[in-house]
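When you get a sec, could you give me coordinates for this:
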Amino acid sequence: MNRITWSAACTAVRMAACIALASGCALGGTSPSPRFFVLEATAEAAATAACPEHLGVGPVEVARYADRPQLVTRDGDGVLDLDDSAHWGERLDAMIARTLAEDLVRITGSPHVFVHPWPSAQLEHRVFVRVLRFDTDPGGRAHLVAQWQLAADTAPDRATTFRTDVELAAADGGPTARVAALSELVEALAREIAGALPVNPAGCADAGRAGETESRSQLP
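Below is the predicted model of the structure:
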């Protein structure tokens, strides 16, 4: 009679486990690949001539709960739902900064809006953004809450602090509509930043001065 050693028995068990696992995967199928999304600048181009204002955007910091690959849904009890079928196409902080800068180019009419780290060209102003909330809720509303500081390049330690709190209903609950709504909220933030910039007599598009250091908006 053949004797089976412990080593051979363990090897047989491992092989059986691998075969069972492979069979289970084959029967259950694989998870569908996620779709990837990016924010888009949604502001209309300014009708006036280009403005000579040089503005630096960033750094942009994003709350850690939202700074992840998946789109995030947050309910009123603080529970997060991560959508494994819908991922961001790049790091969220970099994408918000890039989209914000493009919206500011269109709103102000200035081609001189640079994302951090910006080139060595002299800047007139810098805006630092801390995104405190960036998600959608189960009802399909998108939310953006941001604290931001605007400072003249010559006096970066004398920044003025603002707060933006905006929300918008997505067209539907799908990820495409949710991302579109979040893109529009980035535009709303860009408009508030543009409104806080000093009026430039050389012909900048006048977005209007910001009258308050804190505002809350609910878009239709």
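
what ranges do the helices span in the chain?
For the chain, the helices defined by DSSP state H cover 6-28, 92-108, 175-196.

Select from the ones you listed the stretch with the lowest mean pLDDT.
With a mean of 48, helix 6-28 has the lowest mean pLDDT of these.

Under the pLDDT cut-off, which ranges of the chain? List them.
1-31, 47-52, 121, 156, 199-220 (pLDDT under 70).

swap the cut-off to 50 and go again
Low-confidence segments of the chain (pLDDT under 50): 1-4, 6, 9-10, 12-13, 17-28, 49-50, 205-215.

okay but L197 is in contact with I107, surely?
No. Contact criterion C-beta atoms under 8 Å: L197 and I107 do not qualify, at 9.8 Å. All C-beta spots, glycine's among them, are computed from the backbone N, C-alpha and C.

What's the end-to-end length of stretch 81-97?
Terminal residues of stretch 81-97 are spaced 24 Å apart (C-alpha to C-alpha, to the nearest Å).

Need the contact partners of that stretch.
Residues lying outside stretch 81-97 but in contact with it, judged by C-beta atoms under 8 Å, 6 or more residues apart in numbering, are 31-32, 34-39, 57-62, 66-75, 115-116, 129, 131, 134, 138, 175, 179, 186.

Would you pull up how far that stretch lies from the middle of the chain?
7 Å (C-alpha atoms, centre = their mean, to the nearest Å).

Kindly report the same for stretch 138-150.
On C-alpha atoms, centre = their mean, the centre of stretch 138-150 falls 10 Å from the chain's centre.

show me where this protein has strands.
Secondary structure of the chain (DSSP state E): strands at 35-37, 55-62, 70-74, 80-88, 113-115, 125-136, 141-152, 160-169, 214-218.

The ones you listed: which one's closest to L100?
Among the strands of the chain, the nearest to L100 by C-beta to C-beta is strand 55-62 (5.7 Å).

Which elements pack onto the closest one?
helix 92-108, strand 113-115, strand 125-136 (3 or more C-beta pairs under 8 Å, 6 or more residues apart in numbering; DSSP states H and E).

For these, give me a markdown table that also has distance to T161.
Below are the helices and strands packed on strand 55-62 laid out as a markdown table (distance: least, C-beta to C-beta, whole Å):
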| stretch | distance to T161 |
| --- | --- |
| helix 92-108 | 17 |
| strand 113-115 | 21 |
| strand 125-136 | 10 |
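
Would you reformat the ones you listed as TSV and include mean neighbour count and distance to A151?
TSV is the format used below for the helices and strands packed on strand 55-62 (neighbours: other C-beta atoms under 10 Å; distance: least, C-beta to C-beta, whole Å):
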stretch	mean neighbour count	distance to A151
helix 92-108	22	16
strand 113-115	20	15
strand 125-136	21	5
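
Give me the number of neighbouring residues for V79.
By other C-beta atoms under 10 Å, the residues close to V79 number 9.

Next: A152.
Here the number of neighbours of A152 (other C-beta under 10 Å) works out to 14.

Q122 is in contact with that one, correct?
No. The criterion here is C-beta under 8 Å, and A152 misses it with Q122 at 11.4 Å.
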